[in-house]
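Trainee: Have a look; sequence and predicted model below, questions after that.
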Amino acid sequence: MRLPGANGEMDMTNRVGSLLFALAMIGTTAHAGNFSKSPVGSPGGWAGTIAGTVLDGKIYTVESGGSLYATDPADGSWSQIGSADFANTAFLFAAENALASIEQDGTLYLINPADGSWQRPGPAGGWANTAAGAMLNGTLYTIESSGSLYASDPAAGTWRKVGEADFAATAFLFAAGGQLVAIEKSGNFYLINPDDGSWERTGDFAAWAGTAAGATLGGVLYTAETDGALVATDVASGTRVPVGSGFDGVRFLFLANNLLCGIDAAGNFFHAAGTGQAVAEATPPAAAESPAAIPAPSTQEDEAQNDPARAGALTFQLMGQWAGDTAPLEQDPEFMKQKEAAPEMVQQVVDLMKGMKMSVTLDGITMEVMGEKAGPFAYHVVAGHDDTLVIEMDGGPKQGVRSRIVFSDPKHLQVIEVTPEGKAMFFQKP
């Protein structure tokens with residue numbers, strides 16, 4: 001890729017702007033906790049694996065001898081599919097109702113997952129020099145060693161070039177959050193627009209230099225690193241959260257049926273979990289309500305009740321230093337269920353919230369998360385009434401976002417974003 005320029009830089013404001021990525025661990029995706037490898041299935045049973053992917057909840061792998069296997073991620077049971085025709089496989093992807101294989105000579109094949117039968121949809125060697133690839137919305141995106149990015153229709157065997165040849169240093173390519181994610185050999189992290197190949201760098205320089213394998217769930221990328229760390233990255237912001245250890249030697253990571261699974265250098269199949277639970281208990285994307293269907297929240301009622309004198313008093317009350325408050329969470333029944341199910345994960349969230357700080361002055365709001373500060377970000381008061389103050393951010397990563405600040409007393413408040421997600425945090429005056 002080109003050297004990062006103005007369109008590739010990301011500052012701390014965006015990192016802190018997604019601080020709720022770390023707090024969203026509870027009740028959605030297990031982004032934090034002390035996860036470790038839990039062996040499943042026959043020890044060493046996947047020692048010959050050379051490629052793999054997930055299709056319809058099953059993990060499909062090809063071994064060096066050419067055999068194709070389907071593995072149940074829940075218990076590691078497996079079955080061979082078809083004949084040993086796939087020894088030259090270099091990459092394996094999940095296409096619509098089929099497996100897509102790119103062989104070492106660059107030939108693309110479609111494989112029937114039911115019986116292992118195959119067909120060649122495009123020209124022999126049409127995908128030669130492929131260095132990395134990912135499937136996004138039914139399109140196969142591949143990067144060649146020259147740095148060119150191509151979008152292919154696997155069923156038709158056709159392709160088109162996307163953007164400039166900016167990606168020669170790519171080591172890994174993933175699909176996450178509706179875009180492509182590239183990790184370079186240097187460890188830099190890039191977001192790529194699949195429509196035109198435009199890109200931007202995010203996260204810290206070289207932070208992913210130790211990446212050995214990865215898998216995505218929604219807008220989160222899980223990576224196993226050479227130092228043994230398991231890391232969850234919020235793709236949009238590049239925020240990294242360590243979620244486990246002991247993952248050195250991992251060669252493949254998969255997300256199947258909301259289970260984070262993998263294969264290590266010894267050929268062992270494992271679950272990445274400390275609780276034995278699935279990584280996520282989320283509504284499948286196809287069934288999730290589209291953003292357009294979610295009514296946009298409004299502050300109209302607050303504005304109708306606006307009392308300028310009360311707004312001024314609450315603004316003055318907001319001034320000062322605030323710290324994360326976990327007491328309201330610890331009284332919540334759903335929180336207690338999560339704590340019982342995954343105490344280590346919940347404790348890490350509690351510790352994180354206790355370490356959050358917010359400083360409010362008339363000039364702006366400064367946030368501190370995990371020892372890193374961002375701000376001050378300018379804001380203005382929209383309305384105030386009773387114990388509720390509504391503000392709108394004029395700068396920073398939350399520019400244009402309104403929040404209701406609800407005081408339970410002068411020293412305790414809740415900040416609720418007026419967005420469809422309604423993200424919220426509790427603070428108290430120390």
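Mentor: Noted; the coordinates are in hand.
Trainee: tell me which residues in stretch 173-180 are buried?
Mentor: Under the neighbour-count criterion of 16 or more other CB atoms under 10 Å, stretch 173-180 has 173, 174, 175, 176, 177, 179, 180 buried. (Each C-beta comes from the backbone N, C-alpha and C, glycine too.)
Trainee: Return the item of these having minimum pLDDT.
Mentor: Lowest pLDDT among those: residue 177, with 81.
Trainee: picking up where we left off before, mind giving me JSON lines with the buried residues of stretch 173-180 and columns for secondary structure?
Mentor: As requested, these are exported to JSON lines (DSSP: H, G, I helix; E, B strand; the rest coil):
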{"residue": "173", "secondary structure": "strand"}
{"residue": "174", "secondary structure": "strand"}
{"residue": "175", "secondary structure": "strand"}
{"residue": "176", "secondary structure": "strand"}
{"residue": "177", "secondary structure": "coil"}
{"residue": "179", "secondary structure": "strand"}
{"residue": "180", "secondary structure": "strand"}
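Trainee: Quick check: of these, which lies closest to residue 57?
Mentor: Nearest to residue 57 out of the buried residues of stretch 173-180 is residue 175 (CB to CB; 17.6 Å).
Trainee: which stretches of the stretch 201-350 of the chain form strands?
Mentor: 211-217, 220-225, 230-234, 239-244, 250-256, 259-264, 269-272, 320-324 (DSSP state E, counting those that start in this stretch).
Trainee: Just give me the closest of the buried residues of stretch 173-180 to residue 128.
Mentor: residue 173 (16.8 Å).
Trainee: Where do the domain boundaries of this structure fall?
Mentor: What automatic domain parsing lists as the domains of the chain is 12-272, 300-428.
Trainee: Lowest mean pLDDT across those, which one is that?
Mentor: Taking the mean pLDDT of the domains of the chain, domain 300-428 comes last: a mean of 85.
Trainee: centre of the chain versus it, how much separation?
Mentor: Relative to the centre of its chain, domain 300-428 is centred 24 Å away, using CA atoms, centre = their mean, to the nearest Å.
Trainee: isn't residue 356 right up against residue 323?
Mentor: Yes. Using CB atoms under 8 Å, residue 356 is in contact with residue 323, at 6.9 Å.
Trainee: dump the residue contacts of residue 380.
Mentor: 391, 392, 394 (CB atoms under 8 Å, 6 or more residues apart in numbering).
Trainee: likewise residue 106?
Mentor: Contacts of residue 106 by CB under 8 Å, 6+ apart are 124, 125, 126, 127, 128, 129, 130.
Trainee: And for the fifth one, the neighbour number?
Mentor: A count of neighbours around residue 128, defined by other CB atoms under 10 Å, yields 14.
Trainee: how far away is it from residue 389?
Mentor: Using CB to CB, to the nearest Å, residue 128 is found at 62 Å from residue 389.
Trainee: and if you look at the first one?
Mentor: To residue 389, residue 124 is 67 Å away according to CB to CB.
Trainee: Show me the one of the strands of the stretch 201-350 of the chain that comes nearest residue 309.
Mentor: The closest of the strands of the stretch 201-350 of the chain to residue 309 is strand 320-324. By CB to CB, the value is 20.2 Å.
Trainee: Which positions within that closest one qualify as buried?
Mentor: So, applying 16+ other CB under 10 Å, buried residues of strand 320-324: 322, 323, 324.
Trainee: Show me what the second one bridges to in the sheet.
Mentor: Spelled out, it's residue 323. residue 357, residue 428 (DSSP bridges).
Trainee: in terms of contact, does it touch residue 357 like I think?
Mentor: Yes. The criterion here is CB under 8 Å, and residue 323 meets it with residue 357 at 5.6 Å.
Trainee: Turn the buried residues of stretch 173-180 into TSV, columns for distance to residue 139.
Mentor: Converted to TSV, the buried residues of stretch 173-180 look like this (distance: CB to CB, whole Å):
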residue	distance to residue 139
173	13
174	14
175	9
176	15
177	16
179	12
180	10
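Trainee: closest to residue 166 among these?
Mentor: residue 180 (12.0 Å).
Trainee: which residues does the closest one contact?
Mentor: 134, 136, 141, 173, 174, 191, 192, 193, 194.
Trainee: Distance of it relative to residue 212?
Mentor: 20 Å.
Trainee: Identify the residues contacting the closest residue to residue 195 other than its chain neighbours.
Mentor: The shortest distance from residue 195 to any non-neighbouring residue, by CB to CB, 6 or more residues apart in numbering, is to residue 162 (7.6 Å). Counting by CB under 8 Å, 6+ apart, residue 162 touches 141, 149, 150, 151, 194, 195, 196, 197.
Trainee: Which strands and helices lie in contact with whichever strand or helix holds residue 152?
Mentor: Using DSSP states H and E, residue 152 sits within strand 149-153. If contacts are counted by 3 or more CB pairs under 8 Å, 6 or more residues apart in numbering; DSSP states H and E, strand 149-153 sits against strand 139-144, strand 158-162.
Trainee: distance between the shortest one and the chain's centre?
Mentor: On the basis of CA atoms, centre = their mean, the separation between the geometric centre of strand 158-162 and that of its chain is 27 Å.
Trainee: do the first one as well
Mentor: Averaging C-alpha positions (CA atoms, centre = their mean) puts strand 139-144 20 Å from its chain's average.
Trainee: tilt between it and strand 149-153?
Mentor: With axes from the mean of the first three to the mean of the last three CA atoms, to 10 degrees applied, the angle from strand 139-144 to strand 149-153 works out at 150 degrees.
Trainee: what's the angle from strand 139-144 to strand 158-162?
Mentor: Using the same axes, to 10 degrees: strand 139-144 against strand 158-162 is 60 degrees.
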